[in-house]
Each structure stands twice: as structure tokens, then as C-alpha cells.
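Fold the following.
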Amino acid sequence: MKTARICFFWHMHQPYYTDPVSGTASMPWVRLHATKAYFDMAYALERFPAVRSTFNFTPSLLVQLNEVVSGSVIDLFLEYTKRPAGDLTGGERAFLLRHFFAANWANMVRPFPRYHELLVKRGLDLHGQDLDRLAREFSTQDFLDLQVWHNLAWFGYGAVARYPALAALRLKDRGFTEENKRELLAIQLQVVGEIIPMYRKLAELGQIELTTSPFYHPILPLVIDTDIARRPRRESAVPSRFQAPDDAQAQLRHAVALHTALFGRAPQGLWPSEGSVCPEMIPMVREAGLKWMATDEDILANSIGSWNRRGDLYQPWVAGESGREVAMVFRDRELSDAIGFVYSKWAPESAADDFLGRVAATVDQAPHDQVLVPVILDGENPWEHYYDGGDQFLAGLYARLSKAALNTDGRKVSAETVGRSLELQPAQRRLTRLYSGSWINADFKIWLGHPEDNRGWELLRDTRMRLVEMDSTLSREQANGAWQELYAAEGSDWFWWYGDDFHTEYKLEFDLLFRTHLRNVFIRAEKPIPESLNHSVMDASRLATVQPVRLPVRLIAPTIDGLVTSFFEWRGSGSIDPAPPLGAMWKSSDLFSQISFGFNLEAMFVRLDLQKPAVYAGFSVEIHIAGGGIRHKAVFPLVLHGLERLTLWTATGETYQQRGHYDSIACRKIIELALPFKDLDFDGGQEVTFSIAVTQEGLEIERYPRHHPVVFHVPDRNFEAIMWRV
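Numbering: from 1, shown residues only. This next block holds a predicted model:
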């Protein structure tokens, strides 16, 4: 009788959205996925103890789950959910309309009448919409119901079954109260807090095996050496070479340590991020105490050359030198992708039948008696596309696998963990070479090669070089914090969205998060942040539509008195729209209603219109101007009265030196200031960059524009003639 072991291997992953310096996260996906997929997958297995499975939690996800439970980090979506609906500002209401329908509309919005009603009222297409105006058409009750439904719709079948209050809220549908919302958020926090204990308990019972990944989900071969990208694709346009094998080892070492601390035992298995492997990894994996790892079937095919899929795929292999080898299993792409992308469109019973039929055919056609079938896929994202979150499909499949009826037709099929399968069926075949590639097209094109990708790698390289130089001068706390931020910037997710391979409306957010981690390296080290980290990695053409900047068209000469002396004194000036762009995930501080800038032949002028009178304790404004290798920043406190001078600082290297104090600033109704070009050492016609940063207690909280500084030319005597011709 043939024996087949189906090794379900569910990968749970979220990028590290947290900015540890500010203690905030811009996106809510850790919290929301926890109440759906992470909870559901454990709940589904609890009902079928005869079914065993393997799970992979990336350490960066585990850290964030604990951050949610402890309340040490709050995401922007949660902050806006907690806000009493009647207290929401206009900008916050617009944010809710923009982002609080972020779910699969077919399966997570349309089934709930009130949620769908609000979506229809908002409109399905936001292109060209004035969200501020649209928000005024929604009542306070509309926004309260939206706050509730944005969170309620993300609860999966497991949590709804375990917490009857959730079903009652769904039945109520509309007219929610602030007390309903508080009850909902309390359950949400409880559910998130149960995730790690649930999986630990299942592991202790032996029903599941828990594995790890490199800590911040980096593409480990590229961290070892970006030139490895040329092995599968010789034509790859690689960046300036990045080599950090020590970082690769640290990502593995720290992953094992955190996993052991949270689950009480060290992991034996590894899912390398995106299934990315290379020969150089093998001794590192073994040194970290890991015994096996998994990747895609194409890696096996390319590793052994001419292959027989039926004979080669469905068994474990071993790779590496004798005594330092690692066992390897390779995912059945067809079965894995059927669950991930196909069965959501099928009736659950038909999908389960098809899956088991494919397994039976695989077992029958395999030339050996023991057949290992690795089914490896994302454990969270597919279920949004199943109308019931995958409940009936998984329950039906698990029920069938639990029955002795599968011990028929000359085969015995069971669901087993990878580790246990390797004990029962040790690897007999050795790879003489391990192909370098990932589970996507067996190469690394997604993360390297596009100009945006390569600019990101070069920023990472430059930051790491600076950190190595600084390391010996830092305290242990500073060094640990700085290195962790660098490791976070090595994560694959930032590079996933650069380039043209994939699209998300949140590209700018991922770009900002990547640069935030790099900036935090210098903040942790208490060193000046390089200007390059204030510039988006994305192509300028992509930014043109999201950076609302207008350049000056005529020379101006405003009176620096802090008053709108006349309509004409700023006419023809340039402007920066301080409002976040439509797709922005940043929390708007609502500091300024208008930012204007301009110049004459002698000086540059800046005008800041405060959004509302307020006390800005600890706030400062920095006007950054750079050109010709010289950087300046004009610094002044953000106060409404008594603003009499600013301080100019200049740097030609890393360190700013105080240049002098200027009284050419005033604040009464508005803030106005002037900076003489002669003191900035700029000549007419010279290209300069300009941006404005707002800090609170030394920490930058806003930057205008957000992605790339304004670029203009210092005016000369031909400026107005040129502009007139234009």
C-alpha cells in the first residue's frame, strides 16, 4: 500500500509597519488579519485533531501581534476608529471614506446591508472625487456605523463562532452606539491576544509544527550578495554591490531566538522569505539550529537539470556538505495555487473533491511507495476571496482527511507536519548543487533590477556603510536600535512594490516606510539624517501627480510683518499643498492651511498659514535649502506670538554649523520669513532644492512636500522675461 503525507504549510506574514521611534503604524493589516485568517486557521484545526499541519510565522509579524496586544504601538486606522464619531475632523472623515472600505467588497462588504449602503453612498470610484465635500454628506451616525463595520467585517468565522456578541452586532447591522464600538474593539483586542497562545497550544499537542523565517522577511540571497541576482538572470541590472552575510546570519539568529521565547521551543524548519535560496545559505541555516527548509518546485527542477516531476518532486532531498546539510522539501505549485487562486470560485465540496482527486492521482503516478506532497502557500490572503472565509472548504477537506475512508484503493493518505514526515521518510537523495532563485519565476527580478529597486538597494548599502563606521562610537542601546532598523529596511516588502511588477495604491506608503527605517538608523545613533533619505525612491514621473507643488511665476517682494498686507504681495508665488494626497496613509497634523514660497533677486520668501490658533509646545520648523554641495536649514520655534528671529545653520559635510541669527521673520496672522541669497551662497541660475520639516521634541512629524523636495532655479535678471515668454 502506498503511503502519502500531505504537508500543508501555511505562511503567515506581514511587513514591519511599525515606526519604533514614533511608536506608530500607518496600516492596520496585522490587527485585522489576526481577527480573520490567523484566528480562523487555528480554529479550523482545533475541530479536526487528526489533521496535522505546519505553520510559518515571520518574526516581524509576531512582534507586531505583541505590539497590538500591549498597546505599545497604535495604528492610524485604530486611532480613527476609537475617535468618537462626533469628534472627527473634516480631514479624518475624508480619511474614513477613503480607507475604511479596504476589504474584499464581494465577500466582506456586499453581504452586510449597512456596510454596502455606505459604500454605494460614497461611490465605487473615487477618481476625481472631492472627499472633503463628500464627507459633508455623511451624518455622524453614518461615520459611527462605518467605524464599526470596518472592523466588524474583518472578523472571521472562528471569532464569530466563539464570541456571540459579534453575531449580534452583525444582526443589528446599523445604528451602532459608541458603547457597541467599544465592545467590538475589546473583543478585537482579546482575539489578537489569543493568537500566539492558540498556536503554541496546538504545537504542544503535536497537531501543528511551527516554523520561522528570516526576522524581517528579507530576500536572504540578496542580503548575502546582490550579485547573486545574476545567477538566474545574467542580464539583471544589479545595483552597486551590497554584501552583508553577517546580516543574513543575524536575521536567522534573531528569528530563532524570538520564536523560541514565544513558543517555548526552537523551530526546526525554515520558510526562507519568498522561497528564496542559494548555496551560501545552507551553512547559515544549519548554524542557526534549523534542520530543514522549503522552497518551490522550480528550484528543484533547475537544481537537478533534467528532471522527472512525478519521480523527483514528491520526496525530501538533502543539500549541503556532509555534516552541515539541510533537508529540503519543494512545493507542489499546482495544488498550492489551486487553494490560493482557484478554489475560491468553486463550490466548497467540489473544491475539496478536486483537491483530493489530484492528490490521489499524484500518489498513484509516483514511482515510490512513500509520497510526500508539500502544499505551501500564503495562509492569510486567500481567504478574503472565499465567500465564507474558506470555512466550508477547509472543514470539508479536513473532515475527509480525518476519515479512514482514505485508506482505500491501495493508498493511505493523511495530513502530517513537515518535520514528522521527515522523521518517517528521511531524505535519501542529495542535491549536488542548489539553484539560486525564489518561488516566483525561480529568480529575483521582483526585488532587484528595476531602477527604483536598485536605488533602494543603494540607499540600503550607503546606510549600512555609515552604520559600520559609526558602530564603535555608539552605546550598546544605540547600536542595537540602529541595527534593528537596518535589518527592518532589508525586508522584501519594500522592494516588492518598487518597479513595475506589482501595483498598489499604497506604493508611496511602502516607500516612506522603507526610508523611515533607514532614517531611524541615524535617529537611533543620534546622528544627522542624510538628505538622500528625504527623497522618494520612486521615479519622479510617478510623483508628479501626487506632489501638489506649483513653482513661482513672477518675482515678489512681500512685507515681512506676519500679516496679509495685500492680496497682491504674494501673487505669482509658488505653493505646496499641505494636505495629504488622496491615497496617503499619513496622519495629517493639520498644521498649515497654505504654504507659499517665492523670491526676488535678493532673497527667498516663505509663508506659512496656520490652520488654527493652537499651542504648539515643543514644535519647531526647519526650512531646508540645498544646492552646489551646500546645505542650509533655517530653524525657528512654532509659536504664535513673540517669533522674532530664526537661526541659519549650514553644512558642507555631515555636521551643521551655526551661521547666524536673522530677524527677517514675523508671526501675527501668518508666518512670513526671508532668507538672503547672498548668505546662502547661491548664484543666479543655480539649481536648488527646498523643503519644510516640522519637528516635535526633535522628532520629525511632517515634511512638505512628502516625497521629494521642490526643485527650482535661483532667479536672475532674465527670470521674468523667460516666464513671460512661457
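
next helix or strand past the helix or strand containing residue 480?
Taking DSSP states H and E as the definition, residue 480 sits inside helix 476-489. Stepping forward along the backbone from helix 476-489, the first helix or strand reached (DSSP H and E) is helix 492-497.

helices or strands up against that following helix?
Packing partners of helix 492-497 (3 or more C-beta pairs under 8 Å, 6 or more residues apart in numbering; DSSP states H and E): helix 451-470, helix 507-525. C-betas here are computed from N, CA, C, even on glycine.

neighbouring contacts of that helix?
Outside of helix 492-497, the residues that reach it under the criterion C-beta atoms under 8 Å, 6 or more residues apart in numbering are 15, 217-219, 273-274, 446-448, 453, 456-457, 502, 504, 506-507, 510-511, 513-514.

If we use 6 Å, what do you get?
The contact list for helix 492-497, computed with C-beta atoms under 6 Å, 6 or more residues apart in numbering, reads 15, 217-219, 273-274, 447, 453, 456, 504, 507, 510, 514.

coming back round to it: quick one: the helix holding residue 480 to helix 451-470, angle?
170 degrees (axes from the mean of the first three to the mean of the last three C-alpha atoms, to 10 degrees).

buried sites along helix 476-489?
Along helix 476-489, these residues count as buried under the neighbour rule (16 or more other C-beta atoms under 10 Å): 478, 479, 481, 482, 483, 484, 485, 486, 487, 488, 489.

got the angle for it vs helix 507-525?
If you take the same axes, to 10 degrees, helix 476-489 sits at 160 degrees to helix 507-525.

next one: helix 476-489 to chain centre, how far?
Taking the mean C-alpha point of helix 476-489 and that of its whole chain, the gap between them comes to 18 Å (C-alpha atoms, centre = their mean, to the nearest Å).

ok, back up a step: would TSV of the buried residues of helix 476-489 with pLDDT and distance to residue 418 be doable?
Converted to TSV, these look like this (pLDDT from 0 to 100; distance: C-beta to C-beta, whole Å):
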residue	pLDDT	distance to residue 418
478	97	40
479	98	37
481	97	35
482	98	36
483	98	31
484	98	30
485	98	33
486	98	31
487	98	26
488	98	28
489	98	31
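
Distance-wise, check residue 619 relative to residue 652.
Here residue 619 is placed at a distance of 28 Å from residue 652 (C-beta to C-beta, to the nearest Å).

ok, now residue 564?
As judged by C-beta to C-beta, residue 564 and residue 652 stand 37 Å apart.

So these two - more neighbours on which side?
Summary of the neighbour comparison: residue 564 and residue 652, criterion other C-beta atoms under 10 Å, with residue 564 having more neighbours (16 against 12).

A strand includes the more buried one, no?
No: using DSSP: H, G, I helix; E, B strand; the rest coil, the assignment for residue 564 is coil, not a strand.

in what helix or strand does residue 633 lie?
Element membership for residue 633 (DSSP H and E) is strand 630-637.

just to revisit the earlier point, please identify the deepest-packed of the helices and strands packed on helix 492-497.
helix 507-525 (a mean of 23; mean count of other C-beta atoms under 10 Å).

can you list the residues that contact that helix?
Outside of helix 507-525, the residues within contact range by C-beta under 6 Å, 6+ apart are 19, 21, 26, 463, 467, 470, 474, 478, 481-482, 485-486, 488-489, 494, 497, 529, 533, 536-538, 585.

starting at the chain centroid, how far to that helix?
Between the mean C-alpha point of helix 507-525 and the mean C-alpha point of its chain there is a distance of 11 Å (C-alpha atoms, centre = their mean).

any idea of the mean pLDDT in that helix?
The pLDDT scores in helix 507-525 average 95.

cool, and stretch 117-128?
The average pLDDT for stretch 117-128 rounds to 92.

Extract the C-alpha set from it and format it as CSV.
Coordinates of each C-alpha in stretch 117-128 appear next as CSV, following Å, rounded to 0.1, in the frame of the first residue of the first chain:
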residue,chain,number,x,y,z
GLU,A,117,-25.2,51.0,1.6
LEU,A,118,-22.4,53.3,2.9
LEU,A,119,-20.1,52.1,0.1
VAL,A,120,-22.8,52.9,-2.5
LYS,A,121,-23.4,56.3,-0.9
ARG,A,122,-19.6,57.0,-1.1
GLY,A,123,-19.3,55.7,-4.6
LEU,A,124,-17.3,52.9,-6.1
ASP,A,125,-14.8,55.1,-8.0
LEU,A,126,-13.0,57.9,-6.1
HIS,A,127,-11.2,59.2,-9.1
GLY,A,128,-11.7,63.0,-9.2
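
looking at it, residue 551 is touching residue 575, isn't it?
No: because the distance of 8.9 Å does not satisfy C-beta atoms under 6 Å, residue 551 is recorded as not touching residue 575.

So for the two, which residue has more residues nearby?
residue 575 (18 against 14).

Not counting its neighbours along the chain, what's nearest that one?
If you skip the residues right next to it in sequence, residue 575 has residue 550 as its closest partner in space, 4.8 Å away by C-beta to C-beta, 6 or more residues apart in numbering.

which phi and psi does the one you found have?
Dihedral angles phi and psi of residue 550 (degrees, to the nearest 10) take the values phi -120, psi 130.

same deal with residue 295?
In this entry, residue 295 is assigned phi and psi values of phi -160, psi -160 (degrees, to the nearest 10).

which residues does it bridge with?
When bridges are taken as DSSP bridges, the partners of residue 295 come out as residue 330.

Let me see the confidence value for it.
Confidence for residue 295, expressed as pLDDT, is 98.

Report how many residues lie close to it.
Should you count by other C-beta under 10 Å, residue 295 turns out to have 27 residues around it.

Equivalent analysis for residue 631, please.
19.

Now do the contacts for it.
Contacts for residue 631 were tallied using C-beta under 6 Å, 6+ apart; they are residue 651.

ok, what's across the strand from it?
Legend: beta-bridge partners of residue 631 under DSSP bridges are residue 626, residue 651.

Going forward, the N-terminal residue is numbered 33.
Fine by me, first position is 33 from now on; the one you just mentioned is residue 663.

Quick check: phi and psi on residue 591?
For residue 591, the backbone dihedrals (degrees, to the nearest 10) come out as phi -80, psi 120.

distance of it from residue 631?
15 Å.

Among the two, which residue is more densely surrounded?
The residue with more neighbours, out of residue 591 and residue 631, is residue 631; 23 against 13, by other C-beta under 10 Å.

Quick one: residues contacting that one.
residue 747.

ok, 10 Å please
Neighbour list for residue 631: 584, 587-589, 605-606, 637-638, 706-707, 709, 744-747, 751 [criterion: C-beta atoms under 10 Å, 6 or more residues apart in numbering].

Which residues belonging to the helix ranked longest in the chain are considered buried?
Criterion DSSP state H: the longest helix present in the chain is helix 210-236. For helix 210-236, the buried set under the neighbour-count rule, 16+ other C-beta under 10 Å, comprises 212-213, 215-217, 219-221, 223-228, 230-232, 234-235.
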